[in-house]
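# pasting a predicted model and its sequence here:
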Amino acid sequence: MKASELRVKTTDELVAELEALQKEQFNLRIQKGAEEAPRPHNFKRVRRTIAQIKTILNEKTREGQRS
């Protein structure tokens, strides 16, 4: 997901998306441990999207503190 698409979303939507991605990341780790061989690119995609969402949430909270 692009950062521009994430910036349009509200804080509540971002938090919900973050929770869903963290669950997906957990499930990927479980699958890897059970040797079900998930696709390796999914780990990178989920990890980066989580980082983008956290960055945008942090930016939004800082904007709120400045106002």
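Ah, there it is.
# so where's the longest helix in the protein?
Longest helix in the chain by number of residues (criterion: DSSP state H): helix 40-66.
# packing partners for that one?
helix 3-8, helix 11-33 (3 or more CB pairs under 8 Å, 6 or more residues apart in numbering; DSSP states H and E). (Glycine included, C-beta is placed from N, CA and C.)
# now distance to residue 42, mean neighbour count and mean pLDDT too, for those, in TSV please.
Shown next, in TSV, are those (distance: least, CB to CB, whole Å; neighbours: other CB atoms under 10 Å; pLDDT from 0 to 100):
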stretch	distance to residue 42	mean neighbour count	mean pLDDT
helix 3-8	18	11	91
helix 11-33	6	13	95
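# and residue 56, which of these is closest to it?
Ranking these by proximity to residue 56 (CB to CB) places helix 3-8 first, at 5.2 Å.
# other residues contacting the closest one?
14, 17, 52, 53, 56 (CB atoms under 8 Å, 6 or more residues apart in numbering).
# nearest to residue 62 among those?
Distances from residue 62 to the contacts of helix 3-8, taken by CB to CB, are shortest for residue 56, at 10.7 Å.
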